[in-house]
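>>> Generate a structure from the sequence data that follows.
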Amino acid sequence: MCRRLFILLLFCLSFIPLSSIAEEEILKIGKVEFEGNETFSDDILRSFARLQRGTQFDEFSVKAGKSRIENFYKSQGFLDVALKWERRLEGNEVNNIVHIQEGERAVIDTVIFNGNTYFSDEKLLSLSPIKAGGFLIQNEIFTTKYSILKVYSRKGYIRTQIVSDTLQERKNHYILRFDIVEGSRVYIGAISITGTRKVRKKIIEREIKVKPGNPCNPERVNESQIGIYSTGLFESVKYDIIEPVDGDTADIIFYVKERPSKTITFSTGYVYSDKNPNRLSLKTTWRHNNLWGNAQKIGISPRYETNFSGYRKGRIELAYEEPYFLGTTFKGGLNLFIQREKRDGEGVDVIGSNVNVGKYWSRYAQGVLRYQYEDVITRDNDTTGRWVSSVSLSFSYDRKNDIFYPSKGVVFLATHQYAGGMLGGDVDYHKILIEHILYGKVFPGVIATRVKAGCIWNDRNMPFQDKFAIGGMGSVRGFYEESIGPVVNGRKNANLMIVINCEFRLPVFERFDLVYFFDTGGLWKDFQSVSITENTGTSSGVGIGYRSPIGPIKLDYAHRLNGPSGGNFYFTIGYMF
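Model prediction:
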C-alpha cells in the first residue's frame with residue numbers, strides 16, 4: 001500500500017514544471033542603498049559591497065560585502081563604525097538598506113620614530129604623508145613604511161625592518177610609533193654573469209650600474225637589469241642578490257638569455273576605396289643586432305608603395321648603429337638611402353645620407369642630434385636638381401607598458417629641423433613636429449589618443465615631399481592619401497598641420513579585439529588661413545584585430561564625415577599609434 005502511494009506521489013510531482021519551482025525559489029539582488037554615510041558617497045561604498053543588481057542573492061556575498069565596507073571605514077580611521085544591514089523583499093528582489101553609524105574619526109596627535117640612527121626623525125617624517133593632526137589612515141601608514149625602507153635600501157641597509165603601532169592617548173586620539181631595526185650595512189661583493197653565448201660580457205658590464213664595494217642598492221641593480229634588457233640582445237634578464245648568513249657583503253648574479261642576432265620583419269598595408277585607386281604598401285627589414293659580438297647593428301630595409309594607377313614609390317635604406325660611440329655612453333648611427341617616386345608623369349629621385357649621435361638621459365627619455373644631406377632630382381618637363389643640408393634635434397619620451405599592445409603610458413616626440421643658411425644648400429626652412437600619445441585603461445578596454453602637430457616657416461625652395469601632407473592611412477583614415485588641404489603648386493602639401501586620433505580598443509573573444517576610432521585633421525598654408533571648415537577632414541570607423549605575436553593583424557573601415565561621401569577599408573599589421 002505504501003509503495004503504491006509513493007509511486008502515485010512521484011507521478012503527480014512529474015506534472016509540476018521544475019522551472020517554475022526554480023524561478024520561485026531564486027532571489028535576485030535588488031537596490032543597494034546607504035543611510036548615515038556622510039564621508040563617502042554611495043557609489044564608493046557600492047564599489048566595496050560588490051552586489052550587482054539582478055544577480056542571484058546569497059548570504060555569503062552579503063556578509064562579504066558588509067565586511068569589506070567595515071574594513072574600508074576602519075582603514076580610513078573610523079575605528080568605531082557600526083553597520084546595520086536591512087533587507088526588504090519586493091517580488092523576487094531583495095533590496096538592501098545599509099544603516100551606517102560612522103562614529104568619530106581617529107586622529108594622530110604625534111608621530112615618533114625609535115631605533116633610527118642613520119636618518120633623522122625630520123628626514124623620515126618628510127617621507128611620510130602623515131602629519132600630526134591628520135587622520136589615522138592605514139594606506140598612509142603602509143606608504144610611510146615603504147618609503148622609509150626604500151631610502152634605507154638605497155644606502156645599503158637592505159635588512160632594515162619596520163613595525164608600526166598605535167598608542168591611544170585619549171578617545172580617538174593616538175600616538176603613531178614606528179620601531180626601526182636598521183641592521184648592518186651590506187656592500188656588493190662579486191658580480192657575475194651567466195648565460196652569454198655570442199654577446200661579449202663587456203657589453204653587459206657597460207650597462208651594470210653597480211660595482212664591487214658599493215653599498216648594495218637594489219634600485220641600482222634593477223636599473224642594471226633594465227639597461228641590459230634595453231640593448232635588445234636578450235630575451236630575458238634576471239638577477240639574484242645572494243645575501244650572506246653573516247658578514248656585510250652580497251654577491252650579485254645576472255642570468256641572461258640571448259635573442260637570435262639576425263631578424264627579418266615584414267609589414268604590409270592595403271587600402272580598398274570605392275571611388276579612388278586602391279593602395280598597397282610593402283616593407284621588409286633585415287637586421288643583424290650583434291655584429292662581431294659588440295652589439296653594433298646593421299640593417300637593410302626596402303619599401304614599396306603603389307596605387308595601381310600612376311603612383312609608385314620605392315625606397316631602400318641601409319642603417320648602421322654604434323651603441324657606444326667613441327667608447328662613450330652616446331650612441332651613433334649612419335644611414336644611406338635612395339628613394340624614387342613617380343606620380344602623374346612627374347618623377348622625384350632622392351639620394352641622401354645622415355649621421356646621428358644620441359643618448360638615453362633616463363630609462364624612458366633620449367635625445368638625438370642628426371645631420372642629413374639630400375640630393376633631390378625632379379623630372380617633369382624639365383629636370384632640376386637641388387641639394388638639402390639640414391640638422392635636427394629631437395627629444396623622445398616613451399613610457400608605454402608594451403610595444404605591440406600598450407594599455408597605459410605616454411609617448412612624447414619633438415623634433416626641430418633647420419635647413420640651409422650657414423649649412424649651405426639650395427633649400428632653407430625651419431620645421432617643428434610634435435607628437436603626444438596617451439594610453440589608458442577604461443574598463444573593459446583601452447583608450448588611445450594621439451595629437452600630432454607641425455609647423456614650417458622661413459621656407460625657400462623647399463621640396464614638396466618635405467612639407468606636411470595628411471589624409472589616408474597613418475593620419476585621417478577614410479580619405480584618400482594626401483587628399484586634405486590646399487593645393488600648392490599642384491599638390492596638397494602645406495606648412496601647418498594638426499591631426500587628432502582617438503581609439504577605443506575592446507577585447508571581445510579570446511585573441512580578437514574590436515576597435516572604434518575617430519580621426520580629424522587639418523592642413524593649411526599658414527596661421528592666417530586656419531579654418532575649422534576648410535582644408536579639414538573628419539572620419540570615424542570600426543575595425544577588428546587579431547592579437548598575433550608580431551602585433552595586431554587588423555581590418556578597419558573608416559567612413560568620411562565631411563567631404564565626399566563614402567569610406568575606405570584598411571588591412572594592416574600593427575596599430576596606427
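
>>> For the residue minimising distance to the centre of the chain, give its distance to residue 439.
The centroid of the chain falls nearest to residue 400 when counting by Cα atoms, centre = their mean (2.4 Å). According to Cβ to Cβ, to the nearest Å, residue 400 and residue 439 sit 6 Å apart. Every C-beta, even on glycine, is put in place using the N, C-alpha and C of the backbone.

>>> overlap in contacts of these two?
Common contact partners of residue 400 and residue 439 (Cβ atoms under 8 Å, 6 or more residues apart in numbering): 406, 408, 409, 410.

>>> If we ignore the residues flanking it in sequence, what's nearest the third one?
What that stands for is residue 409. Of all residues not flanking residue 409 in the chain, residue 400 sits nearest, at 3.5 Å (Cβ to Cβ, 6 or more residues apart in numbering).

>>> Can you read off the backbone torsions of residue 143?
The phi/psi pair for residue 143 (degrees, to the nearest 10) reads phi -60, psi -40.

>>> these two touch, right, it and residue 128?
Yes - with contacts counted by Cβ atoms under 8 Å, residue 143 reaches residue 128, the gap being 7.3 Å.

>>> Which of those two has more residues huddled nearby?
Set residue 143 next to residue 128 and count neighbours by other Cβ atoms under 10 Å: residue 128 wins out with 19 against 15.

>>> wait, is that one part of a helix?
No - the assignment for residue 128 (DSSP: H, G, I helix; E, B strand; the rest coil) gives coil, which keeps it out of a helix.

>>> Assign a three-state SS to the residue lying closest to it once chain neighbours are set aside, would you?
Closest residue in space to residue 128, ignoring its immediate chain neighbours: residue 144 at 3.9 Å, by Cβ to Cβ, 6+ apart. Following three-state DSSP, we place residue 144 in the helix state.

>>> any idea how far residue 78 is from the closest residue to residue 100 other than its chain neighbours?
Counting by Cβ to Cβ, 6+ apart, residue 36 is the residue found nearest to residue 100 once chain neighbours are left out, at 4.1 Å. As judged by Cβ to Cβ, residue 36 and residue 78 stand 12 Å apart.

>>> The two: which is more packed in?
residue 78 (23 against 13).

>>> Contact partners for the more buried one?
39, 102, 103, 105, 106.

>>> Please produce TSV containing those, extended by pLDDT, distance to residue 50 and neighbour count.
Formatted as TSV, the contacts of residue 78 follow (pLDDT from 0 to 100; distance: Cβ to Cβ, whole Å; neighbours: other Cβ atoms under 10 Å):
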residue	pLDDT	distance to residue 50	neighbour count
39	94	20	12
102	94	21	17
103	93	24	14
105	95	24	17
106	95	26	20
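
>>> how about those residues, which pair is most distant?
Within the contacts of residue 78, 39 and 106 form the most distant pair, 12.8 Å apart (Cβ to Cβ).

>>> give me phi/psi at the residue nearest to residue 55 when sequence neighbours are not counted?
With sequence-adjacent residues excluded and distances taken as Cβ to Cβ, 6+ apart, residue 55 is closest to residue 29, at 5.4 Å. Note on residue 29: its backbone torsions stand at phi -70, psi 130 [degrees, to the nearest 10].

>>> What of residue 503?
phi -130, psi 140.

>>> Kindly report the same for residue 225.
Dihedral angles (degrees, to the nearest 10) for residue 225: phi -60, psi -50.
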